[in-house]
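>>> quick one, what's the 3D model for this:
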Amino acid sequence: MPTKNKLYRFALSYLKNEEEAKDIVQEVFIKVWNKKRSLNFYQNIEAWCMKLTKNLSLDRIKSKQFQLNTSSEDLPEIAGDDSPYKETELNNTISMVRTFIDNLPEKQRDILHLRDVEGYAYQEIADILNLDINQVKVNLFRARKTVKQKMLDVETHGD
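Predicted structure coming up:
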């Protein structure tokens, strides 16, 4: 249960739908419960749960029943500044960053999310995604560099 929120956020990063993400987490916990007798064979249960979450999320996306829908309701509440201009500007920036991240190659997007949102260590990310730790570091660097460059381009050129 301590990883429930991480699993939820990871599923939500794929599905962009709160109810679908909750369903995925529930499916993961059912699978964990069904394998409760063999859990001691897994070196890192949390990493295994994250893999399950990723695979189930991708399966859900591929299913014909799932329709990807994103809405502005998913944007976080803005505290402090009541200025409509500031709020709109911040929402636009958040939306832009999300778009840049969503357009990254899948591996880079996953690594960026696991490291910068979930706070996993490099080795944990390597375990979750079945990658070499150097691949994790390189892909994270490239993902951050790409998002940063796109933000700089928007500031410079207004695109």
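>>> what's the first helix or strand after the worst-scoring helix or strand of the chain on mean pLDDT?
When the helices and strands of the chain are scored by mean pLDDT, DSSP states H and E, helix 84-102 comes last with a mean of 79. The helix or strand immediately downstream of helix 84-102 is helix 106-112, counting by DSSP states H and E.
>>> quick one: contacts of that next one?
Contact with helix 106-112 is made by 13, 54, 101-102, 104, 125, 129, 131, 136, 139-140, 142-144, 146-147, as judged by CB atoms under 8 Å, 6 or more residues apart in numbering. Glycine gets a C-beta too; all of them are placed from N, C-alpha and C.
>>> cutoff 7 Å now
Helix 106-112 is contacted by residues K54, I101, D102, L104, I125, L129, V136, N139, L140, R142, A143, R144 when judged by CB atoms under 7 Å, 6 or more residues apart in numbering.
>>> and that helix, average pLDDT?
Average pLDDT, helix 106-112: 91.
>>> tell me the buried residues in that helix?
K107, Q108, R109, D110, I111, L112 (16 or more other CB atoms under 10 Å).
>>> again with stretch 6-20
Buried-residue list, stretch 6-20, by 16+ other CB under 10 Å: K6, L7, Y8, F10, A11, L12, S13, Y14, L15, K16, N17, E20.
>>> quick one: mean pLDDT for the helix or strand E20 falls within?
Using DSSP H and E, E20 maps to helix 18-34. Average pLDDT, helix 18-34: 87.
>>> element containing the nearest residue to E18 once chain neighbours are set aside?
Spatially, and ignoring its direct neighbours in sequence, E18 is nearest to L12 (6.6 Å; CB to CB, 6 or more residues apart in numbering). Element membership for L12 (DSSP H and E) is helix 4-15.
>>> what of W48?
helix 45-62.
>>> can I get that helix in CSV? Just the C-alpha atoms.
This file holds the C-alpha atoms of helix 45-62, laid out as CSV (Å, rounded to 0.1, in the frame of the first residue of the first chain):
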residue,chain,number,x,y,z
ILE,A,45,8.6,-5.8,-5.2
GLU,A,46,8.1,-2.1,-5.8
ALA,A,47,10.0,-2.3,-9.1
TRP,A,48,7.9,-5.3,-10.1
CYS,A,49,4.7,-3.4,-9.3
MET,A,50,5.9,-0.4,-11.4
LYS,A,51,6.6,-2.8,-14.3
LEU,A,52,3.1,-4.2,-13.9
THR,A,53,1.6,-0.8,-13.9
LYS,A,54,3.5,0.2,-17.0
ASN,A,55,2.5,-3.0,-18.9
LEU,A,56,-1.2,-2.8,-17.8
SER,A,57,-1.3,0.9,-18.7
LEU,A,58,0.1,0.2,-22.2
ASP,A,59,-2.3,-2.7,-22.6
ARG,A,60,-5.2,-0.4,-21.7
ILE,A,61,-4.1,2.2,-24.2
LYS,A,62,-3.9,-0.4,-26.9
